[in-house]
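Student: Quick one: sequence and predicted model below, then my questions.
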Amino acid sequence: MLGHIRSAKRVVTVDTPILHRMAPHTRESATILECVSASGCPIRPTIILKAKTHRNTWYPNNKNGPAGWYYATSPNGYTDDELGLLWLEKVFEEQTASLARGQRQIRITDGHGSHETADFLTFCFSHNIMLLRLPAHTSHLTQPLDVGCFGPLKKYYRDEVERLCQGGANKIQKRTFIDIYNYARTKALTMSNIDGGWRKTGLYPFDPEQVLSQVRTRPQTLPNASTANSTSTTDQNNILTLQTTRAVHQHVSRLLESSTSLNTPAVKRIKTLGHAAERAIAQNVLLTAENARLLAQNQERSRRKATRNHQLGRARLMTFDDIATARHVWNRDQQQSSTAVVEFVVPQAAEPIVDDGDVLYDDEDFSTFAVEYVEMYGDEFEWFT
């Protein structure tokens, strides 16, 4: 789901009232088709959105968008037999045929029905692709993406949704979803994670013991305390400042306890000052991060409102270049249709036009009207006389 956030735990007292976390109410589903090779490189993904047509405001522009991605639509946001075949023909084959150099490829799949249709199998056999189906209910042990990449990918994606939610976002739009996924994918689908997934599944290098050793019964161990207490360093400079302040406060407290020249009220005031400094720096760290989130969300909201929403196409699968071309054609057609032609015919009669004894227009009145109209709207029309 687009608005799925990460789980969290809180330590509270028995007197703490029930607290609820804010979460986006987006419950729309989307599907990502990812594929990685044993060389450590992923191919460009395919994003399947729940829709019938492609809309302009859903996709990034040419300047900051993920170039080369593929976008598809389906009634429920999931893949189907038709999209599975399109992905094999237009995405997988086009990106891997040149790397295979005419040699046989091994395509490892799970048991999804779209991987086993007659058209899918026929295409694989005719293009020298050998299919290898993983055993049922073993993807958590034998699928390299599940083992090495999808865990970090989910974490980075949910963390980013959580930050947007803390900044006030109550819905994850399709455009925002693509931006968040691009950020999470860049951090998660690294060469080290991909290599680790292939190695831990024992597929490459081939080592069945990697999986068999996990299937056998093993004694349960308690989690490492150092791992459980580890924290992320999102802003190293601010954290170091807070740590330095706390260290100075502790050092001063030890000196005060060993000193006999200061009276008790002075010692208490100095300790109070140290606690206040720690709280102030901690609040500054939180406010700085919150301001950065709000600024980024406001900028994204402004860009989205400034973009006009229109249909780009009805194809089931479109490449990033197809979307850019459709945008260019639509903008060109809009520019051509925005030019209007207004033709004024100046009356040739010199006498005033009389209706029931009242003069409507004469030559001078009409000329004055035409000059004022040109001054008002001359930049928007082509004039012919």
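Tutor: Yes, it's here. What you see is a predicted model; the values in this text were computed from it and never measured. Residues are numbered from 1 along each chain as shown.
Student: contacting residues around Arg199?
Tutor: Pro205, Asp207, Gln210 (C-beta atoms under 8 Å, 6 or more residues apart in numbering). C-beta coordinates here come from the backbone N, C-alpha and C atoms, glycine included.
Student: What of Ala315?
Tutor: By C-beta under 8 Å, 6+ apart, the neighbours of Ala315 are His54, Asp322.
Student: Look up how far Ala51 lies from it.
Tutor: To Ala51, Ala315 is 12 Å away according to C-beta to C-beta, to the nearest Å.
Student: before we move on, what about Leu85?
Tutor: Leu85 is 20 Å from Ala51, by C-beta to C-beta.
Student: Same question for Arg332.
Tutor: The separation that Arg332 has from Ala51, given C-beta to C-beta, amounts to 24 Å.
Student: Kindly report the same for Glu278.
Tutor: Taken as C-beta to C-beta, the span from Glu278 to Ala51 is 51 Å.
Student: what about these two, which has more around it?
Tutor: Between Glu278 and Ala51, Ala51 has the larger neighbour count (other C-beta atoms under 10 Å), namely 17 against 14.
Student: Not counting its neighbours along the chain, what's nearest the more buried one?
Tutor: Spatial nearest neighbour of Ala51, excluding adjacent residues (C-beta to C-beta, 6 or more residues apart in numbering): Thr73 at 4.4 Å.
Student: Now do the same contact list for that neighbour.
Tutor: So Thr73 contacts Ile48, Leu49, Lys50, Ala51, Lys52, Thr53, His54, Arg316 (C-beta under 8 Å, 6+ apart).
Student: Are any of those buried, and if so which?
Tutor: The neighbour count (16 or more other C-beta atoms under 10 Å) marks Ile48, Leu49, Lys50, Ala51, His54, Arg316 as buried among the contacts of Thr73.
Student: from those residues, which two are the most distant?
Tutor: Greatest spatial distance among the buried ones among the contacts of Thr73 (C-beta to C-beta): Lys50 and Arg316, at 13.1 Å.
Student: if I look at those two, which residues touch both of them?
Tutor: Thr73, Ser74.
Student: in this structure, which spans are helices?
Tutor: 81-86, 93-100, 118-126, 139-142, 144-148, 150-166, 174-188, 191-200, 209-215, 225-228, 236-258, 264-306, 320-337, 363-377 (DSSP state H).
Student: can you put those helices in JSON lines and add mean pLDDT?
Tutor: Below are these laid out as JSON lines (pLDDT from 0 to 100):
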{"stretch": "helix 81-86", "mean pLDDT": "96"}
{"stretch": "helix 93-100", "mean pLDDT": "92"}
{"stretch": "helix 118-126", "mean pLDDT": "95"}
{"stretch": "helix 139-142", "mean pLDDT": "93"}
{"stretch": "helix 144-148", "mean pLDDT": "95"}
{"stretch": "helix 150-166", "mean pLDDT": "90"}
{"stretch": "helix 174-188", "mean pLDDT": "92"}
{"stretch": "helix 191-200", "mean pLDDT": "96"}
{"stretch": "helix 209-215", "mean pLDDT": "89"}
{"stretch": "helix 225-228", "mean pLDDT": "46"}
{"stretch": "helix 236-258", "mean pLDDT": "64"}
{"stretch": "helix 264-306", "mean pLDDT": "78"}
{"stretch": "helix 320-337", "mean pLDDT": "85"}
{"stretch": "helix 363-377", "mean pLDDT": "52"}
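Student: Kindly reformat those as a markdown table containing distance to Ser39.
Tutor: Putting the helices of the chain into a markdown table (distance: least, C-beta to C-beta, whole Å) gives the following:
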| stretch | distance to Ser39 |
| --- | --- |
| helix 81-86 | 24 |
| helix 93-100 | 8 |
| helix 118-126 | 20 |
| helix 139-142 | 19 |
| helix 144-148 | 12 |
| helix 150-166 | 19 |
| helix 174-188 | 18 |
| helix 191-200 | 9 |
| helix 209-215 | 19 |
| helix 225-228 | 31 |
| helix 236-258 | 33 |
| helix 264-306 | 35 |
| helix 320-337 | 23 |
| helix 363-377 | 63 |
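Student: Could you identify which of these is most buried?
Tutor: helix 144-148 (a mean of 22; mean count of other C-beta atoms under 10 Å).
Student: can you list contacts of that one?
Tutor: 34, 36, 108, 139-141, 193-198, 200-201, 203.
Student: so which of the residues you listed comes closest to Gly77?
Tutor: Closest to Gly77, out of all of the contacts of helix 144-148 and judged by C-beta to C-beta, is Glu34, at 15.8 Å.
Student: so what's that closest one closest to, chain neighbours aside?
Tutor: Glu34's closest residue in space is Pro45 (C-beta to C-beta, 6+ apart), at 5.3 Å.
Student: Among the helices of the chain, which comes closest to Asn61?
Tutor: Among the helices of the chain, helix 320-337 sits nearest to Asn61 (C-beta to C-beta), with 8.0 Å.
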